[in-house]
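Participant: Structure, please.
(one chain, ligands or ions: 2)
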Amino acid sequence: MRSNISLEEALDILLQQNFKTEAIQVPLLDSLDSVLAEDIISDMNMPPFDKSPLDGYALRSTDIMAATKEDPIILRVIDYVPAGYVSSKTIQQGEAIRIMTGAKIPMGADVIVRFEDTEFTDTHVKIFDFLPTGSNISRMGEDIKTGDVVLQNGCIINAPEIGILATLGKSFVQVYRKPRVAILSTGDELVEIQHPLVDGKIRNSNSYTIAALIKKIGAKPLLLGVCLDEIDTIKEKLETALGWADLIITTGGVSVGDCDLVKEAFQQAGAEMLFWRVRMKPGTPIAVAKYNNKLIFGLSGNPAAAYITFEQFVRPVILKMMGRQKFNLMKVEAILESDFKKMSGQNRFVRAHTYYKEGSYYTRFPEKHSSGVLSSLSGTNSLFYIPGNTGPYLAGNKIVVQLLDHPEVL
Ligand code: AMP
Ligand code: MG
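Facilitator: Numbers count the residues shown, from 1 in each chain. Ligands and ions are numbered 1, 2, ... in the order given. All right, here's what the predicted structure looks like:
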C-alpha cells in the first residue's frame, strides 16, 4: 500500500480506476444532472416551419418598395393568424395578414412588419418604410436541422439540454446511472441526530454533509447511520453495503489512534488498500481501498476534513463514474483581502469566501479554520490551496482559488 503520497499521486490513482455505471433509460426530468449515454440526432427541423418572431403584418416586400413616412403604402388585411394556426390564404399584391409571434408565415409573404412600425384598422394597414425580402422571418431549421447531432454522448444534462430533448420529443433518455453511494460514520462518540446527547457524545453530522455533497453532484446517497469503533461491526456494515452500493464512504477511524480500525476493517472485508495518508491538511489520514470494481473511501472524521477531502478526491471519482469527462473545480484568480501569514510545511486547503467587486475577485477567510470546525464552512464558497513552505500571503497578493460547487463542464 502506498502511504504519505502527494495530492497529485492520489488523484492519479483514483482517476485510473474506470468504474463507469451502466446506461439506463429514464424519464426526461429524471435525467437532470446526469450524463447523456447516447447521441441525440434530430429527426426534425426547429423551427419546423418559417415563422414570425414578432407580432405584426405578413406581406410582400415588393409591395412596400415605395413606402415612406410621408407617403405610406396601404394594404388590405385579408386574414388573422395567431400562433398555433395556419392561414389558408395566399397573400396577393396589395394584401397583408395580421400575424402573431410564433405563427407560420402565410403563403405569398416574404417579410413581417412589426405592429409598432404600422398604423392599422380592422381592414387596412399602413406601412411607412421598405423592408427587404426575408426581414423578420425565423427560418425553418434555423435552430436545429434534421440530421444534426444536437447533443453528444457524454454531455451533461442541465436545464438547456432538458429543453432541447423536450423540443425533440424525447420523453425518455439514455443516461449513465447515478451511482449509489453508501455512507457510514464510525465512532463510539456518535449519536444519530434524532437522539438526545449524553456526556461525551456528539451528533453525527458527517453523514449528512457528505450525503448533501453527493446529492449536489447528482448521485444517490444512502445513509448507513453510525457504527461503533469495532472492526467486526464496521466490516459487517461494509460487506452488506458492498452488495448494493457502487461506492462506499466512511468517516472517522482512519488516523493513528487506538480506536482507528477502519483500515483494518476494509482489509478484513476483502478490500485491497490503494493508499493511506495524503500530504495535505486537513484530511491527511484519508484511506482508499478497492473491492472488485468498487472504491471504499475512509475519510477523516473531522467535519471540515471530511468535506474538503470529499471535494478533492471523492467528487472527481463519482463524476467519472457518472460518465463525466471533466472533474476539476473551476479556478479563478483573486486578490487577498487580508493577510494569511500562517506558514507550515504542509500543503493546506483553506476555506474562503470569494466575491466579485468592480472588476476583480477578492477572497477573505473566516476566523476559524481548523479541521474540526464545521460552522465556518457555512458562508464559504471556495478553497485556497497553499503548497507547503510557501507564504506568507499578504493583503493585495494575487492568489488562485477553487470555486466549490462550480465544476468545469467543457
Ligand atoms: P476521527 O477521524 O475518528 O479521529 O475523528 C476526528 C474527530 O471528528 C473527532 O473529534 C470526532 O469526534 C469527530 N467526528 C468523527 N465522526 C464524526 C461525525 N460523523 N460527525 C461529526 N464529527 C465526527
Ligand atoms: Mg474516531
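
Participant: Am I right that Ala211 is in contact with Leu224?
Facilitator: No: using C-beta atoms under 8 Å, Ala211 makes no contact with Leu224, being 10.6 Å away. Backbone N, C-alpha and C define where each C-beta goes, glycine included.

Participant: Identify the contacts common to these two.
Facilitator: Common neighbours of Ala211 and Leu224, counting by C-beta atoms under 8 Å, 6 or more residues apart in numbering, are Ile183.

Participant: how close does the residue in the chain that ligand 1 sits nearest to get to Val262?
Facilitator: Nearest residue of the chain to ligand 1, counting by C-beta to the nearest ligand atom: Gly301, 2.5 Å away. Counting by C-beta to C-beta, to the nearest Å, the gap from Gly301 to Val262 is 10 Å.

Participant: and what of Arg2?
Facilitator: Distance, Arg2 to Val262, by C-beta to C-beta: 17 Å.

Participant: before we move on, what about Pro82?
Facilitator: According to C-beta to C-beta, Pro82 stands 67 Å off from Val262.

Participant: So for the two, which sits in the more crowded spot?
Facilitator: Ranked by neighbour count (other C-beta atoms under 10 Å), Pro82 and Val262 place Val262 first, with 30 against 12.

Participant: Would you check that that one makes contact with Ala287?
Facilitator: Yes: with contact defined as C-beta under 8 Å, Val262 counts as touching Ala287 (6.7 Å).

Participant: what residues do those two have in common as contacts?
Facilitator: Common neighbours of Val262 and Ala287 (C-beta under 8 Å, 6+ apart) are 254, 298.

Participant: domain ranges for this structure?
Facilitator: Per the record, the chain has its domains at 2-21+178-312, 25-46+142-176, 56-127, 329-407, by automatic domain parsing.

Participant: For this structure, which segments count as helices?
Facilitator: According to DSSP state H, the chain carries its helices in the segments 7-16, 159-167, 206-216, 231-244, 262-268, 303-309, 315-321.

Participant: Identify the spatial nearest neighbour of the residue of the chain closest to ligand 1, chain neighbours not counted.
Facilitator: Leaving aside its sequence neighbours, Gly301 sits nearest to Gly252 (C-beta to C-beta, 6 or more residues apart in numbering; 3.1 Å).

Participant: residues near that neighbour, how many?
Facilitator: Count around Gly252 with other C-beta under 10 Å applied: 29.

Participant: How much space separates it from Asn204?
Facilitator: In terms of C-beta to C-beta, Gly252 sits 9 Å off from Asn204.

Participant: Ok, Met44 next?
Facilitator: To Asn204, Met44 is 52 Å away according to C-beta to C-beta.

Participant: When these two are compared, which one has more neighbours?
Facilitator: Neighbours were counted for Met44 and for Asn204 using other C-beta under 10 Å; Asn204 has more, 25 against 16.

Participant: quick one: the nearest residue to Tyr307 once chain neighbours are set aside and Ile24, what's the gap?
Facilitator: In this structure, Tyr307 finds its nearest non-sequential neighbour in Thr209, 5.7 Å apart by C-beta to C-beta, 6+ apart. Distance, Thr209 to Ile24, by C-beta to C-beta: 28 Å.
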